[in-house]
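J.: I'd like to go over a predicted model; first the sequence, then the structure.
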Amino acid sequence: MQTTAEVVDAIVKLRAQLSAEGHDCGAATIAYHLAQDQKQVPSRSTIWRILRREGLIVRQRQKRLHSSLIRFEAELPNEIWQADITAWQLASGEVVEILNLIDDHSRLFLSSDAYPRVKGADVVQSLHKAVELHGLPASLLSDNGAVFTGSYRRGKVIFESEPERLGVLFKNSRPYHPQTCGKVERLHQTLKRYLDKQAPAEALSELQGQLDSFAHYYDTIRPYRALHGRTPLQAYSARIKARPATAASPDTHFRVRQDKVDQTGKVSLRHMSRLYKIGIGRAHKGRSVKLLIADQSVRVIDLNGELIRELTLDPSRNYQPLARD
């Protein structure tokens with residue numbers, strides 16, 4: 001059946017709109033959006049031919065066949081999360097960093113957070129935010145960046161010890177082998193194509209708004225060819241979730257609190273509507289810290305991720321003293 005002029009016009013307009021917004025504008029994505037307004041939607045091959053006829057597709061050098069690539073995909077959502085950092089430039093020319101977390105099975109964009117420069121505490125904060133929304137993953141995968149691992153310095157950073165505490169298996173990619181974290185690397189490219197089409201962000205908060213808008217579109221609107229035309233959220237929701245072998249209870253509540261050590265060497269924490277004071281030590285007064293909370297388990301770290309104190313909250317005491325008190 002011949003494609004009507006009205007449908008051809010809608011295809012051309014969708015191509016221009018998606019491209020201008022920095023989104024994928026291939027035949028599959030156009031077909032998905034077209035189905036929202038049209039009763040009869042042409043096949044993807046027909047849409048591709050229309051785009052080519054209208055001069056909107058330029059023939060490219062033959063790429064390697066997809067069938068020749070060996071792909072790995074986790075069997076279940078939350079089986080593997082990938083984490084990575086990429087740089088971006090604000091309107092002023094200041095270079096900032098974006099920390100992205102993605103689910104290997106569904107490609108769900110778990111978290112995208114902009115920081116002046118990603119530090120150890122920031123990575124843990126983004127992890128806790130994703131865990132609060134999606135539950136604990138069975139494992140985490142990252143490259144060998146300094147905020148992710150201290151193994152080459154013969155030590156351990158907070159991003160290694162925190163998953164360990166939560167029962168999550170932590171893994172690093174092979175050095176000089178970015179393909180191991182290929183899904184999050186590809187996500188960086190897709191995100192930057194979108195950001196390139198936006199007005200340059202004047203501030204970190206404006207960039208964060210752009211990241212949030214992209215994540216919403218990516219997770220809930222854009223169909224993904226590798227997911228058989230489903231969105232990442234649909235793929236993520238379709239199967240049971242993997243969990244760590246030694247995970248905390250699924251009812252465990254995770255949160256991150258930022259505070260500053262007061263003049264008496266204490267920080268505050270509200271738990272079950274009750275306010276507690278936690279002793280850190282006068283030597284740390286004025287120091288900015290983050291509290292990583294999993295129910296009554298509390299870890300206090302500085303903004304570089306250095307562990308200052310670890311404790312289990314005693315609900316019978318308003319003040320949680322240091323061991324020497």
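T.: Sure thing, it's come through.
J.: Any stretches of the protein with poor pLDDT?
T.: Scanning the chain for pLDDT under 70 picks out 1, 58-72, 151-155, 173-181, 247-251, 324-325.
J.: That one - how does it break down into domains?
T.: Following automatic domain parsing, one finds the domains of the chain at 5-63, 81-237, 254-320.
J.: Would you mind confirming that L269 is in contact with G279?
T.: No: the pair L269 / G279 is not scored as a contact, 11.6 Å apart, by CB atoms under 8 Å. C-betas here are computed from N, CA, C, even on glycine.
J.: ok, A238 - contacts?
T.: Contact analysis of A238 by CB atoms under 8 Å, 6 or more residues apart in numbering lists R230.
J.: Next, it: phi, psi?
T.: The phi/psi pair for A238 (degrees, to the nearest 10) reads phi -80, psi -20.
J.: measure it to T231 for me?
T.: A238 sits 11 Å away from T231, going by CB to CB, to the nearest Å.
J.: what about the nearest residue to R270 once chain neighbours are set aside, which helix or strand?
T.: In this structure, R270 finds its nearest non-sequential neighbour in Y276, 7.4 Å apart by CB to CB, 6 or more residues apart in numbering. Using DSSP states H and E, the element containing Y276 is strand 274-279.
J.: Mind listing what's buried along the helix or strand following that strand?
T.: On the C-terminal side of strand 274-279, the closest following helix or strand by DSSP H and E is strand 288-294. Using 16 or more other CB atoms under 10 Å as the test for burial, strand 288-294 gives V289, K290, L291, L292, I293, A294.
J.: Can you give me the buried ones in whichever helix or strand comes after strand 288-294?
T.: Next along the chain after strand 288-294, taking DSSP H and E as the criterion, comes strand 297-302. Across strand 297-302, burial judged by 16+ other CB under 10 Å covers S297, V298, R299, V300, I301, D302.
J.: Next, format those as TSV and append distance to E160.
T.: Below are those laid out as TSV (distance: CB to CB, whole Å):
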residue	distance to E160
S297	17
V298	19
R299	13
V300	17
I301	13
D302	16
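J.: Quick check: the two most widely separated of those?
T.: The largest distance within the buried residues of strand 297-302, taken as CB to CB, falls between S297 and D302 and amounts to 18.5 Å.
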